[in-house]
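Chemist: Predicted model and sequence below, questions to follow.
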There are 2 protein chains.
Amino acid sequence: MKIGELARQTGLTTSKIRFYERIGLLKTVDRRPNGYRTYPPQAALILGLITTAQRAGFTLDEIRTLLPSDLQRWDHDALMNALTRKIADIEALQARLAQSKAHLLHLIADIQARPDNMDCAANARRVLTNVLTEPPENLDVTPDDVRLLDRTDRRLSVSRGRSKKALSP
Amino acid sequence: MKIGELARQTGLTTSKIRFYERIGLLKTVDRRPNGYRTYPPQAALILGLITTAQRAGFTLDEIRTLLPSDLQRWDHDALMNALTRKIADIEALQARLAQSKAHLLHLIADIQARPDNMDCAANARRVLTNVLTEPPENLDVTPDDVRLLDRTDRRLSVSRGRSKKALSP
DNA sequence: CTTGACCTTGAAGCTACCTTTAACGTTAGG
DNA sequence: CCTAACGTTAAAGGTAGCTTCAAGGTCAAG
């Protein structure tokens, strides 16, 4: 299978597939005499796995270390470890988001709770003081928690990059 | 107040403060005859606001358009709009995270549910098929939802960039 | 023989948010 | 007067995950 065909099958762009190869993520690729890449049918499967793992919050780096060269032979322990850690990361993020959300809701309520006898400027001062004197949100998030987020978002931004400008035909 | 003093008060680095000025986020700055920046006490307050807003998931760009030059005179409607939208973004992300988490838990269960009479390779094949045939996770997340995440993570990654290499003294 | 669809490469660009570096001027204290 | 700590600038670098570009080569159909 040539790269364009693989791209169609997986829904990925050819540039993405080549990129994965460059960073050592996709190794099941051969060359025809003319230099063209050629893939076994299995490649589509692997790319599907990569995409799925990415959506679950794994970095390409993590995926690379977890993906066995032979799909039948996984490092069971490493995989389970990674899955468990990833879940913990997600939970930490969920806690953060809940906090942020609560914070914003509180702020909205605070703004709308302007006493009738108070003018806008004074209300602004009042709200401002509240915002800045709230406790510093002790979230206890470790650098490791953070890493997921860095991934998660990017994972989600599948729809980006496409939005820039439509191909001018 | 000079920039070092302001940095100490806010807990930000001087480079960050200068950066904020460069991108037009912090305008309350004057110069002494020697070229040094000098700030009114209010500046610390504004930086506090910026940091808080960032933690809540706003981009510096968003913050810039929302921050009034006079802290007493906010654009009430724009602010409320932004807050409301940001909450919606957070909710979308929460939904995604819940999905990812469920997905991972399911995967773990699936791996552990290997029938006694099945060998590892066969189990790997079985799980693999399950993973890849699950529905494509119809999440209906808009590009706008995505933007928050891009922010949220970075907001969280305060602890990064420091990790590279300690200053060699 | 030409057209168009496909393939190749390395390098540069993009995003958002900073930090780092180099090369230099200022100021307070001993 | 020297030194250490502070201040200044513009420009480049770093992250993660790609895309885009320039400048080609290959191939099948008409």
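Modeler: Thanks, I have the structure now.

Chemist: how close does A:Val29 get to A:Thr65?
Modeler: 19 Å (Cβ to Cβ, to the nearest Å). All C-beta atoms are positioned from the backbone trio N, CA, C, and that covers glycine.

Chemist: ok, these two, which is more surrounded?
Modeler: Neighbour totals were compared for A:Val29 and A:Thr65, and A:Val29 leads with 16 against 11 (other Cβ atoms under 10 Å in any protein chain shown).

Chemist: right, and the more buried one touches A:Thr38 too?
Modeler: Yes. The pair A:Val29 and A:Thr38 qualifies as a contact (Cβ atoms under 8 Å) at a distance of 7.3 Å.

Chemist: so where do the helices sit in chain A?
Modeler: A:3-10, A:14-22, A:42-55, A:60-66, A:76-112, A:120-133, A:143-156 (DSSP state H).

Chemist: quick one: is the fifth one near chain B?
Modeler: To tie it back to what came earlier, the one meant is helix A:76-112. Yes. Judged by Cβ under 8 Å from any Cβ of the partner chain, helix A:76-112 comes into contact with chain B through A:76, A:79-80, A:83-84, A:86-87, A:90-91, A:93-94, A:96-98, A:100-101, A:103-105, A:107-108, A:111.

Chemist: What residues sit buried inside that helix?
Modeler: Across helix A:76-112, burial judged by 16 or more other Cβ atoms under 10 Å in any protein chain shown covers A:79, A:82-83, A:86-87, A:89-90, A:92-93, A:96-97, A:99-101, A:103-104, A:107, A:111.

Chemist: ditto for the third one
Modeler: Using 16+ other Cβ under 10 Å as the burial criterion, the residues of helix A:42-55 that qualify are A:43-55.

Chemist: Pick the one among those residues closest to DNA strand C.
Modeler: A:Ala43 (12.4 Å; Cβ to the nearest atom of the strand).

Chemist: Report pLDDT for that closest one.
Modeler: Looking at A:Ala43, its pLDDT is 96.

Chemist: got a list of what it touches?
Modeler: For A:Ala43, the contact set (Cβ atoms under 8 Å, 6 or more residues apart in numbering or on different chains) comprises A:Met1, A:Leu6, A:Leu26, A:Thr28, A:Val29.

Chemist: again, only using 10 Å
Modeler: A:Met1, A:Ile3, A:Leu6, A:Gln9, A:Thr10, A:Ile17, A:Leu26, A:Lys27, A:Thr28, A:Val29, A:Arg37 (Cβ atoms under 10 Å, 6 or more residues apart in numbering or on different chains).

Chemist: mind checking pLDDT for the residue lying farthest from the centre of chain A?
Modeler: Within chain A, the residue lying farthest from the chain centre (Cα atoms, centre = their mean) is A:Asn117, at 47.5 Å. Model confidence at A:Asn117, given as pLDDT, is 85.

Chemist: And it, how far from B:Leu71?
Modeler: Taking Cβ to Cβ, one finds A:Asn117 at 21 Å from B:Leu71.

Chemist: now swap in A:Ile63 and tell me
Modeler: 47 Å.

Chemist: More neighbours: these two, which one.
Modeler: Of the pair A:Ile63 and B:Leu71, A:Ile63 is the one with more neighbours under other Cβ under 10 Å, namely 19 against 16.

Chemist: check contacts around the more buried one.
Modeler: Contacts of A:Ile63 by Cβ under 10 Å, 6+ apart are A:Tyr20, A:Leu25, A:Leu49, A:Ile50, A:Thr51, A:Thr52, A:Ala53, A:Gln54, A:Ala56, A:Ala82.

Chemist: same check, this time on A:Thr133
Modeler: Neighbours of A:Thr133 in contact, by Cβ under 10 Å, 6+ apart: B:Gly48.

Chemist: what do you get for A:Leu71?
Modeler: With contacts defined as Cβ under 10 Å, 6+ apart, the neighbours of A:Leu71 are A:Thr28, A:Gln42, A:Leu45, A:Ile46, A:Leu49, B:Ala121, B:Ala124, B:Arg125, B:Leu128.
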